[in-house]
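Novice: Sequence below, structure please.
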Amino acid sequence: MLGQSFERVEQLQNEFGPNRLKPPPKPSLWRIFGRQIGNAMTLVLIAAMAVSFGTQDWIEAGVIAALVILNVTVGFTQEWKAEKTVAALESVGSPVAVVVRHDPSNKGREGKILEVQTDEVVPGDIMIVKIGDVIPADGRVIDNHISNLEVDEALLTGESLPVAKAAETLQDKTCPVGDRINMVFSGSQVTKGRARCVVTSIGMATELGAISEALATKADSKKRGWKRHWEKFQVFLGVKGTTPLQIKLNKLAYLLLALAIIFAIVVVSSTGYKDIPDSTATYAVATAISVLPASLIAVVSLTLATSSRELAKRNALVRKMDAIETLAGVTDICSDKTGTITVGRMVLKKAWVPSMSEKVDTEVGQIYSVESGKDPYYPRGTIQALDENTVEEDESANSDSDAVQVNDLDPSFQDLVQSAALNNMATISAGEEGSEWDANGDPTEIALQVFAHKAGHGKPHLTHPPKHRAKKDHHPSPRAEVEGHFEMIIEHPFDSSIKRMSTAWKFVDTKGDDGSKQHVYIYMKGAVERVLERCTHVSMGDKAIEMTEEAKDNILKKMDELAAEGLRVLALAGKTDKLSNAQAVKETKRDELEKGFGLVGLVGIFDPPRPESKGAVYDSRRASIVVRMLTGDHAATAASIAMSVGILDKNHSKSAVMTGQEFDAMSDEAIDELDELPVVVARCAPETKTRFVDALHRRKRLTVMTGDGVNDSPALKRADVGVAMGLNGSDVAKGAADIVLADDNFSTCVRAVRKGRSVFTNLSKFLVYLLAGNVAEVLVLLIGLAIRSDGNAVYPISPVGALVINTLTIGPVAFALGIEPTADDTMLQPPSNFFSIFTPTWFLDLFSYGFVSGAITFANYVIVIYGRYDGNEDVSANCNEGEVTGECQVIYRARAAAYASLLLMLMVLAFGCKHTTRSVFQMNLLDNKLLIWSAGLLSLSVFPVIYIPVIKDRVFQVTGIGWEWGMIAASVLIFIAYIEGYKALRRWFIRRSSKKEDLESSTDREIRLAPTMEPNTL
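Specialist: Next up, the predicted model:
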């Protein structure tokens, strides 16, 4: 086969361009920067900064400008890093492709086989694909150039099993992609065989490109005119197009802005609107800024950035930081099975061989359980003979004392192992030191080959001459020595129409005197019914028993028993052919050769759950999160895995398991009438996932959806949090997801939910802290207007002092609260606890702490002026201007006492906010070192403010104090006592409420824990 000429290839490259998908539009630096500006609190701060510059309050304007820069820088840096991290994961496609091309000057009949970069492939190229390759372009399989080709198209179609390909012409020109068996598609992977294909489409013209382009089309492209611009404006303001929590925070920011304007007007109105001094304008701005939690955005951004880095260390790469908040209130996790809940690799779990008996009965035979470890390809593990009456073996039974010794295996089992090893094209090999073992081939054959290695009869040991085995057989277990070796004569590959495959081998016996005695062995495996059709007897070592109808029925019953455990059951058979001549075996027709076999046993294969999946599901159910499995596998397999990890109870209702076809056949109205949505949906298409998410949303459920395929992207976008697989996921899925799992592990998703809940709880803590500080400041500043001199108010705290407390002081402490360690009971609470921060008790905490601390602060201010000194003589409006005169000493001392009182009480409040009801004296105060250091250092910052010249009088308008420190200390102790009393009252109220609901709660718990109920009642 010549292939295209180099000149023609160059022409086609110029015409069609490179063979690559159009990358999704990457956000530019300016777009990311714009998103940071388009934030409600940032916009409010910019407005406040503009007013400060307008009134020539340079210090306030400078501080606010620094905050805005910090907010924008933190958000911009984190989002840009996230985009670069995900970009490093996007690598669909093989780096090279093998093609056939020719040089016209070379008169040879065959073209030259070349390796080229995938982006150099052009339409009309002849590409060669083999096992392990990722297909670089769409192509048509060529007649007479295909050998047992099977392709995994799961990323494209969602089909979990490999698709067998053929070169036949299809009559239906409109058949779906999954039924085009004579085509291979870009992005799919060859799992078996090899073939030559002519390239039909490249780049965006491929099926993968078409899906990618369709998904990239914006949903609002049909919207025209003012509606589209209005929606964009709403997104810019932050009241649409983001998470529910962010929308509420943004609305809160605009509400606070309105209050800030009102309070600023109140301050200005205190002058009667006549001859408004500059100090009053400054104070009005300071009061307005005190309403706003100026450091909120910076604290939120830093908290989310820190959490994002922690999740990245645990293999969860966060593309959109807002997703961390949303995870907190998740009610349902809709997960794929293969590679997420399971390891994504097939292993042999059980084997059955008939026993030495005159009949084959379900009471007769031996079942072997095969141990599998964390590495499914590791060729070592215990093979245990189970008691026939044992329903399910215990893991603890897999001990060395009960292990089957290979030398003691009965002949029936040895025949089964030998058939599994030889009738097999898969290979396994040791990986690099410290890494997992590697395997190449069909997943089912890999499982059989690993099983054979565990039993000591791996294919390398059987096919290599004895003198070469020690070096070439990597199997570490003992085994019975084989005096001779096998050489393959012919392979009849798996045919989907007859559902079986066979191979013929000659055995060269080196034990004989002439060293060349040969025997021919033929092995078969496939679907149980199809193999039984070709069996005339049952083999049990050297003994053979006729295959009667009764025997077939009993074997099929045994198959059903294994299948009921969620296993894919295969039958293995073998025979010794009378033809001793290898050439005669080759010339025998397949149908004739595949007759007269003896059944040697059955094997059950499955994709085992990850060891950590069961614990992750348990944690989810304790958190009242429903874990649902949406998979392309069969219902029996899906239900079995779901039961093994705790998604389903063993006596679950029938409605808990449904096929995708059954679900899709229902209307939305019928789905909404179901008491509960199914927990397991088998044979689930990507479109089914999207409908399932919509059904959950109609029930007001907050959903996580996992996916890896191109067609999963709509469901990932539709879900509240889309989670893509980083190892085996497509670039399109990663681009649509909010979070990418670097290890494709379900437990990582649950850990992300746990972290999301922790972040949500910490957000609630530091929001109470920040806003309580704002309430205290505003209370002091507004009530302080009542103290007047010559018709003007004398301010209790200087504008700079109020600004510093609101920004530079409580901001770092709030951030320390934002990274509080995750509480032990985080995953014991229902999702409803994480739906909204703004609850009645939250507002009660906020205003309670704010009013009390503000009242104590103002009381100290008044005590200094009127209790120790003569307030009427010592109060002067000139003290608002930063005058360093004797008449301002009392006011400056009062301000110093107020400033120190408020700051130190806020430092104490930070520790009180660590838990809403627990006493400070019952907390582990040392578990957050950042909180200790920040609160300690900022408490010490009081002294330079009060005692350093110029700073104290010109900037903060305070002076050194003495006896006032005793009053300040007493105030702090009083505030601590109030916090403890308030929390004690809350605990009492909770206990009182719990007693009233005790009977109802206990009944609910019994219902929730009842095994007959579905998990989503938890």
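
Novice: Could you use CA atoms for every contact and neighbour count after this?
Specialist: Noted.

Novice: Phi and psi next, for residue 648.
Specialist: phi -110, psi 150 (degrees, to the nearest 10).

Novice: That one contacts residue 681, doesn't it?
Specialist: No - with contacts counted by Cα atoms under 8 Å, residue 648 stays clear of residue 681, the gap being 11.9 Å.

Novice: which one of the two has more residues nearby?
Specialist: When residue 648 and residue 681 are compared for neighbours, residue 681 comes out ahead with 31 against 26, by other Cα atoms under 10 Å.

Novice: Next, find the distance separating that one from residue 697.
Specialist: Noted for residue 681: a distance of 17 Å to residue 697, by Cα to Cα, to the nearest Å.

Novice: Pop the domain breakdown of this protein in here.
Specialist: 4-21+96-215, 282-311+755-827+837-1002, 317-342+610-752, 347-482+525-573+596-606 (automatic domain parsing).

Novice: Kindly compare burial across those domains and name the winner.
Specialist: Ranked by mean neighbour count under mean count of other Cα atoms under 10 Å, these are led by domain 317-342+610-752, which reaches a mean of 22.

Novice: Determine how far that domain lies from the middle of the whole chain.
Specialist: Counting by Cα atoms, centre = their mean, to the nearest Å, domain 317-342+610-752 is centred 11 Å from the centre of its parent chain.

Novice: So which residues of the stretch 501-650 of the chain form helices?
Specialist: Secondary structure of the stretch 501-650 of the chain (DSSP state H, counting those that start in this stretch): helices at 528-533, 549-564, 582-587, 590-593, 613-622, 635-645.

Novice: Least confident of those, on average?
Specialist: The minimum mean pLDDT among those belongs to helix 582-587 (a mean of 84).

Novice: List the buried residues for it?
Specialist: Neighbour-count burial for helix 582-587, counted by 16 or more other Cα atoms under 10 Å, picks out 582, 585.

Novice: contact partners of that helix?
Specialist: 489-490, 504, 506, 520, 579, 593 (Cα atoms under 8 Å, 6 or more residues apart in numbering).

Novice: tell me the least confident of those residues?
Specialist: residue 579 (61).

Novice: ok so, going back, which one of the helices of the stretch 501-650 of the chain lies nearest to residue 847?
Specialist: For the helices of the stretch 501-650 of the chain, proximity to residue 847 was assessed by Cα to Cα; helix 613-622 is nearest, at 33.2 Å.

Novice: That closest one to helix 635-645, inter-axis angle?
Specialist: 80 degrees (axes from the mean of the first three to the mean of the last three Cα atoms, to 10 degrees).

Novice: ok so, going back, kindly reformat the helices of the stretch 501-650 of the chain as a markdown table containing distance to residue 838.
Specialist: Converted to a markdown table, the helices of the stretch 501-650 of the chain look like this (distance: least, Cα to Cα, whole Å):
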| stretch | distance to residue 838 |
| --- | --- |
| helix 528-533 | 61 |
| helix 549-564 | 49 |
| helix 582-587 | 78 |
| helix 590-593 | 74 |
| helix 613-622 | 25 |
| helix 635-645 | 36 |
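
Novice: Compare those helices and report which one is nearest to residue 710.
Specialist: Judged by Cα to Cα, the one of the helices of the stretch 501-650 of the chain that comes nearest to residue 710 is helix 635-645, at 22.0 Å.

Novice: Residues contacting the helix or strand following that closest one, please?
Specialist: Note on helix 635-645: by DSSP states H and E, the next helix or strand toward the C-terminus is strand 657-659. By Cα under 8 Å, 6+ apart, the residues outside strand 657-659 that reach it are 635, 639, 678-684.

Novice: can we see that at 7 Å?
Specialist: Contacts of strand 657-659 with the rest of the structure, by Cα atoms under 7 Å, 6 or more residues apart in numbering, involve 635, 678-684.

Novice: So which of those belong to helices?
Specialist: residue 635 (DSSP state H).

Novice: for the contacts of strand 657-659, which one is nearest residue 815?
Specialist: The nearest member of the contacts of strand 657-659 to residue 815, counting by Cα to Cα, is residue 679 at 39.5 Å.

Novice: Now do the phi/psi pair for the closest one.
Specialist: Per-residue torsions, residue 679: phi -90, psi -30 (degrees, to the nearest 10).

Novice: Read off the pLDDT value for it.
Specialist: Looking at residue 679, its pLDDT stands at 95.

Novice: quick thing: my sequence starts at 754, can you match it?
Specialist: Right, with 754 as the first residue, what we last looked at is residue 1432.

Novice: Mind jotting down where the strands sit in the stretch 1454-1603 of the chain?
Specialist: Secondary structure of the stretch 1454-1603 of the chain (DSSP state E, counting those that start in this stretch): strands at 1456-1460, 1474-1478, 1492-1494, 1541-1542, 1545-1546.

Novice: could the ones you listed go into JSON lines alongside mean pLDDT and distance to residue 1067?
Specialist: Shown next, in JSON lines, are the strands of the stretch 1454-1603 of the chain (pLDDT from 0 to 100; distance: least, Cα to Cα, whole Å):
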{"stretch": "strand 1456-1460", "mean pLDDT": "91", "distance to residue 1067": "17"}
{"stretch": "strand 1474-1478", "mean pLDDT": "91", "distance to residue 1067": "14"}
{"stretch": "strand 1492-1494", "mean pLDDT": "91", "distance to residue 1067": "9"}
{"stretch": "strand 1541-1542", "mean pLDDT": "72", "distance to residue 1067": "59"}
{"stretch": "strand 1545-1546", "mean pLDDT": "72", "distance to residue 1067": "56"}
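
Novice: Would you reformat those strands as JSON lines and include distance to residue 1375?
Specialist: Output for those, formatted as JSON lines (distance: least, Cα to Cα, whole Å):
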{"stretch": "strand 1456-1460", "distance to residue 1375": "17"}
{"stretch": "strand 1474-1478", "distance to residue 1375": "21"}
{"stretch": "strand 1492-1494", "distance to residue 1375": "23"}
{"stretch": "strand 1541-1542", "distance to residue 1375": "60"}
{"stretch": "strand 1545-1546", "distance to residue 1375": "58"}
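
Novice: So which helix or strand of this protein has the lowest pLDDT on average?
Specialist: helix 1751-1762 (a mean of 43; mean pLDDT, DSSP states H and E).

Novice: Please indicate which of the contacts of helix 1335-1340 are buried?
Specialist: Buried among these (16+ other Cα under 10 Å): 1242-1243, 1257, 1259, 1273, 1346.

Novice: By residue count, which strand of this structure is the longest?
Specialist: Secondary structure of the chain per DSSP state E: the longest strand is strand 891-905.

Novice: Pairing partners for it, with directions?
Specialist: Applying DSSP bridges, strand 891-905 is found paired with strand 916-917 (antiparallel), strand 936-937 (antiparallel), strand 942-954 (antiparallel).

Novice: Point out where the stretch 1404-1553 of the chain drops to low pLDDT.
Specialist: The stretch 1404-1553 of the chain contains residues with pLDDT under 70 at 1543-1544.

Novice: Comparing the domains of the chain by mean pLDDT, which bottoms out?
Specialist: Across the domains of the chain, the lowest-scoring stretch is domain 1100-1235+1278-1326+1349-1359, with a mean of 78.

Novice: where does it sit relative to the chain's centre, distance-wise?
Specialist: Relative to its chain's centre, domain 1100-1235+1278-1326+1349-1359 lies at 36 Å (Cα atoms, centre = their mean).

Novice: mind checking the end-to-end distance for it?
Specialist: 6 Å.
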